[in-house]
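Visitor: Got a predicted structure plus its sequence, pasted below:
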Number of protein chains: 2
Amino acid sequence: AKKIPQTVEEEEGDILEKCKGLMSPPVTDVNVLQRRKGEMCTKMEMLIMETQADFCRALEKVDGGRFKVDRWERKEGGGGISCVMQDGKVFEKAGVNVSVVSGYLTEEAAKQMRSRGKVLKGKDGKLPFCAMGVSSVIHPKNPHIPTVHFNYRYFEIEEEDGSKQWWFGGGTDLTPIYINKGDAFHFHNTLKEACDKHHPQYYSNFKKWCDRYFYIPHRGETRGIGGIFFDDLDGPGQEEVFSFVKSCARTVVPCYIPIVNKHLKDTFTAEEKDWQQVRRGRYVEFNLVYDRGVKFGLATPGSRIESILMSLPLTARWEYMHEPAEGTLEAEMLEVLRNPKEWV
Amino acid sequence: AKKIPQTVEEEEGDILEKCKGLMSPPVTDVNVLQRRKGEMCTKMEMLIMETQADFCRALEKVDGGRFKVDRWERKEGGGGISCVMQDGKVFEKAGVNVSVVSGYLTEEAAKQMRSRGKVLKGKDGKLPFCAMGVSSVIHPKNPHIPTVHFNYRYFEIEEEDGSKQWWFGGGTDLTPIYINKGDAFHFHNTLKEACDKHHPQYYSNFKKWCDRYFYIPHRGETRGIGGIFFDDLDGPGQEEVFSFVKSCARTVVPCYIPIVNKHLKDTFTAEEKDWQQVRRGRYVEFNLVYDRGVKFGLATPGSRIESILMSLPLTARWEYMHEPAEGTLEAEMLEVLRNPKEWV
């Protein structure tokens, strides 16, 4: 059930040529990328840059607006490119962020990086590492268009003996304000098709992982209707996992854009907008209280706060004791969040 | 510099009579309170109930609206009374909450309860405890009226040998959207006068503690212009500390209501409202990420989430890369949050 990456040529095509279509030059110098074009760090950096560009262009086409592009550097090494469109015609806030960071980790920090907490041995206790990823959250204005989030990342760490530990993580998930079964099926089915090309268990395993991860314990609700989520993926082989991650990343546009287009002209009431704002509040609660990436970012001195908190909606609302009446569409949504469903 | 509580009669006046003016009957049965009227738990429960009633009445008088009163029970013991006024004429969201909780703690939990992490010895590892407090957050609509927060609490825990450990905590702090030096002076000076009656160092120590506690590290900003904050206060004697806490609690209305009345008719622009919404976002960040009470509440199974998150504003906003222009009133506010000042 596994597939080998399509062609070697596609992977190692001319870097300079590829860079022309990006939102910004990559974080790593193009000459360095060209020189190391066979290495996984280069291949992943190109993939995340391309994913950012493809998604931003697709969103700009729908909205008519333009992304603001910020390049930033991290004084300890590396940096990122944040693309944000705020208060557009269709999107309230759309952020697509790339970061490529390298440096040295302590053994303690290295252990915390992995959710399985594997112990790694560094030279004099220090481990050279490189971490990169693309992440995005899109909050539309219209409550009939769902919020989407995705994140694909790669981590590499060198041990004392020169051997490299590496793993991938990521996922794509949808947060609708109202349930639309057609949208839910399209979203999950597109992800399932991408997963099935690589392993028959991937979709089912990563769908469950997603429901578990995007859960708000104090509300007893999931954040949305899920999708896929995985972390610490370090086998069967590096090329195989990269190929899977590439399939996932290339699925972002076909997962989401058709849903946006379908509801572009849906009308909505003030009450529906209100419910959207209450759901936005829950989104904030998850991101600030539980999201591992946000928690790690906030606790890391020198991290770029504006890029980390770019995922927060432009507006949110907290109503005391808000509970939709039985039989309403709002209650239907809550029921799904309280009891995650199978969509395909 | 210390004062003895005013009169014993005042403390132990008829409980039934006092209960008539409260927002709801106390959490503990009135007959039990009457029987144990000399005990600190009873005196503190009456104080927090009275503080809730006094503050709610004063806010209702300003707003013209009415508080919704919810009595709730905790199945493990105790309960609370939540008073909330939402979308009033003056107040966007006003919450005043009392909770009185009792039961048993493990030694580990007991240790975590105290910020100084004192080790306590329980009978078979279990320690009977009782915890109570009043807490409130008021978010007004007009950006020229500041948000206020206060919390006064008491904790009692019984060790194996029957000896009781007890301590008080609390504080009152102000979060303006724009700096008004007169308001800042009035607020801090009212607190200072209350503190000075009990100890010459209280105001200065607890003002510093407040600035340290209400700090948002990832923003490099305090939440507001502070006030006082203290925790683990267990000396010189129980009556003396209670008397101090009583002075603080009775200072809530004179600290805040005159500021509300002063700005009741202030006009404001859409831009000022926007800045208020951005500041509300920071309030949410502090409360969800750093506030010890919220973190403890969210992590405690069976706690009443709606009462814990009552402190969140009705509406909030996150703008990417929001930075006020130099020389504006918004920049003046930020400057104070980045470099806390002395106001009296």
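Guide: Looks like it arrived, so ask away.
Visitor: who touches the residue in the stretch 51-200 of chain A positioned nearest to chain B in this structure?
Guide: Here the stretch 51-200 of chain A gets closest to chain B at one residue, residue A:84, 4.6 Å apart by CB to the nearest CB. In short, each C-beta sits where N, CA and C put it, glycine included. Going by CB atoms under 8 Å, 6 or more residues apart in numbering or on different chains, residue A:84 touches A:67, A:68, A:70, A:93, A:94, A:95, A:96, A:310, B:320, B:321.
Visitor: Of those residues, grab the buried ones for ChimeraX.
Guide: Here is the ChimeraX command that picks out the buried ones among the contacts of residue A:84, judged by 16 or more other CB atoms under 10 Å in any protein chain shown:
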select /A:67,70,93,94,95,96,310 /B:320
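Visitor: sorry, back to before: doesn't the residue of the stretch 51-200 of chain A closest to chain B lie inside a strand?
Guide: Yes: Residue A:84 forms part of a strand when assessed by DSSP: H, G, I helix; E, B strand; the rest coil.
Visitor: State the distance from it to residue A:137.
Guide: As judged by CB to CB, to the nearest Å, residue A:84 and residue A:137 stand 10 Å apart.
Visitor: likewise residue A:93?
Guide: Taking CB to CB as the measure, residue A:93 falls 8 Å from residue A:137.
Visitor: which element is the closest residue in space to residue A:136 that isn't next to it in sequence on?
Guide: Using CB to CB, 6 or more residues apart in numbering or on different chains and skipping the chain neighbours, the partner closest in space to residue A:136 is residue A:96 (4.2 Å). Assigned by DSSP states H and E, residue A:96 belongs to strand A:91-106.
Visitor: what does residue A:32 give?
Guide: If you go by DSSP H and E, residue A:32 is part of helix A:30-35.
Visitor: So for that helix, what gets flagged as buried?
Guide: Within helix A:30-35, the residues that count as buried by 16+ other CB under 10 Å are residue A:33.
Visitor: roughly how far is it from the heart of the chain?
Guide: 26 Å (CA atoms, centre = their mean, to the nearest Å).
Visitor: next one: stretch A:194-208
Guide: Chain-centre distance of stretch A:194-208: 17 Å, with CA atoms, centre = their mean.
Visitor: and if you look at stretch A:249-268?
Guide: Worked out by CA atoms, centre = their mean, stretch A:249-268 lies 16 Å from the chain centre.
Visitor: got a list of what residue A:94 touches?
Guide: A:59, A:63, A:67, A:84, A:85, A:86, A:88, A:136, A:137, A:138, A:139.
Visitor: Just put those residues in a markdown table and tack on pLDDT.
Guide: Listed next are the contacts of residue A:94 as a markdown table, based on pLDDT from 0 to 100:
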| residue | pLDDT |
| --- | --- |
| A:59 | 98 |
| A:63 | 98 |
| A:67 | 98 |
| A:84 | 98 |
| A:85 | 98 |
| A:86 | 97 |
| A:88 | 97 |
| A:136 | 98 |
| A:137 | 98 |
| A:138 | 98 |
| A:139 | 98 |
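Visitor: I'd like to know which of the residues you listed are part of helices.
Guide: A:59, A:63 (DSSP state H).
Visitor: which among the contacts of residue A:94 gets closest to residue A:287?
Guide: Closest approach between the contacts of residue A:94 and residue A:287, by CB to CB: residue A:137, at 8.4 Å.
Visitor: how far away is the closest residue in space to that closest one that isn't next to it in sequence from residue A:263?
Guide: In this structure, residue A:137 finds its nearest non-sequential neighbour in residue A:311, 4.0 Å apart by CB to CB, 6+ apart. Note on residue A:311: its distance to residue A:263, by CB to CB, is 22 Å.
Visitor: repeat for residue A:125
Guide: According to CB to CB, residue A:125 stands 53 Å off from residue A:263.
Visitor: Looking at those two, which is more packed in?
Guide: A side-by-side neighbour count of residue A:125 and residue A:263, using other CB atoms under 10 Å in any protein chain shown, places residue A:263 first with 19 against 13.
Visitor: my guess is the more buried one contacts residue A:144, does it?
Guide: Yes: between residue A:263 and residue A:144 there is a contact at 4.4 Å, judged by CB atoms under 8 Å.
Visitor: which residues are in contact with both of these two?
Guide: Jointly contacting residue A:263 and residue A:144 under the rule CB under 8 Å, 6+ apart are residue A:180.
Visitor: which stretches of the stretch 1-150 of chain A form strands?
Guide: A:68-73, A:78-86, A:91-106, A:126-140, A:147-158 (DSSP state E, counting those that start in this stretch).
Visitor: can you tell me which of those comes nearest to residue B:158?
Guide: Using CB to CB, the strands of the stretch 1-150 of chain A put strand A:91-106 closest to residue B:158, at 42.7 Å.
Visitor: mind listing what that closest one pairs with, with the direction of each?
Guide: strand A:78-86 (antiparallel), strand A:126-140 (antiparallel) (DSSP bridges).
Visitor: How far off centre is that strand?
Guide: 10 Å.
Visitor: In the stretch 51-200 of chain A, where is pLDDT below threshold?
Guide: A:113-118 (pLDDT under 70).
Visitor: Quick one: name the residues of it near chain B.
Guide: Selection of the stretch 51-200 of chain A residues close to chain B by CB under 8 Å from any CB of the partner chain yields A:68, A:70, A:84, A:86, A:93, A:95.
Visitor: so which pair among the residues you listed is furthest apart in space?
Guide: Taking CB to CB, no two of those sit farther apart than A:70 and A:93, at 14.6 Å.
Visitor: Nearest spatial neighbour of the residue most central in space within chain A, chain-adjacent residues omitted?
Guide: Among the residues of chain A, the one closest to the centroid is residue A:151, at 1.8 Å (CA atoms, centre = their mean). Setting aside the residues directly before and after it, residue A:151 is nearest to residue A:135 in space (CB to CB, 6+ apart), at 3.9 Å.
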